[in-house]
Structure formats: C-alpha cells, structure tokens
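Q: Coordinates for the following, if possible.
(one chain, ligands or ions: 1)
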Amino acid sequence: MSDETVNTADVETPDEIGVDPVCGMPVDLEVARENDLVSEFADRQYAFCGAACRDRFLGQPIAYAIAGRDAP
Ligand SMILES: [Zn+2]
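A: Here you go, the predicted structure:
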C-alpha cells in the first residue's frame, strides 16, 4: 500500500505585502521597491519599512532571515 500525500503547503506568495523582518511591520513591496528598501537573501525578497531596518538586516541577514520565518 502506498500512503503518499501530495504536499502543497508551499503556497506562500505574498507578492504585494511583505513583513519587515527586522521590526515586524507590514511593508508594501511596491513602495519599498521605489525607495530601494528591498533586499534579496537566500532566494527570498525582504522588504523594509526604512533604511535603518534595511541596514540592520544587511549587517546580519542570517539572523533576521531566520527570525522572519515560521520556525518551530
Ligand atoms: Zn522596520
């Protein structure tokens, strides 16, 4: 017997609204792009509410990238 389950849990594509991984604020990606407040790390895009948060992230991207995920 096969007990295979098709896992389609990866349907997470918030393309319009992102969350600032540094401060946790919701960020409009379009606005962030216009202001150069978007950064890519590990194949994911991160948007920031301001240059201060972006610079913090760039200083320690791994710490914030992991914190921004739904880690158990
Ligand atoms: Zn922020």
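Q: Enumerate the residues of the chain near the ion.
A: Proximity of the chain to the ion (CB under 5 Å from the ion) is limited to residues D20, V22, C23, C49, C53. C-beta here means a position set from N, CA and C on the backbone, and glycine is covered the same way.
Q: Apply 8 Å and report the result again.
A: Residues of the chain lying close to the ion by CB under 8 Å from the ion are D20, V22, C23, G24, M25, V27, F48, C49, G50, A52, C53.
Q: State the distance from the first one to L29.
A: Okay, so that is D20. Distance from D20 to L29, counting by CB to CB, to the nearest Å: 11 Å.
Q: anything in contact with each of the two?
A: Taking CB atoms under 8 Å, 6 or more residues apart in numbering as the criterion, D20 and L29 both touch A47.
Q: Can you tell me which helices and strands the helix or strand of the chain with the lowest mean pLDDT packs against?
A: Lowest mean confidence among the helices and strands of the chain (mean pLDDT, DSSP states H and E): helix 61-67, at a mean of 82. Helices and strands touching helix 61-67, as assessed by 3 or more CB pairs under 8 Å, 6 or more residues apart in numbering; DSSP states H and E, comprise strand 38-41, strand 44-47, helix 51-59.
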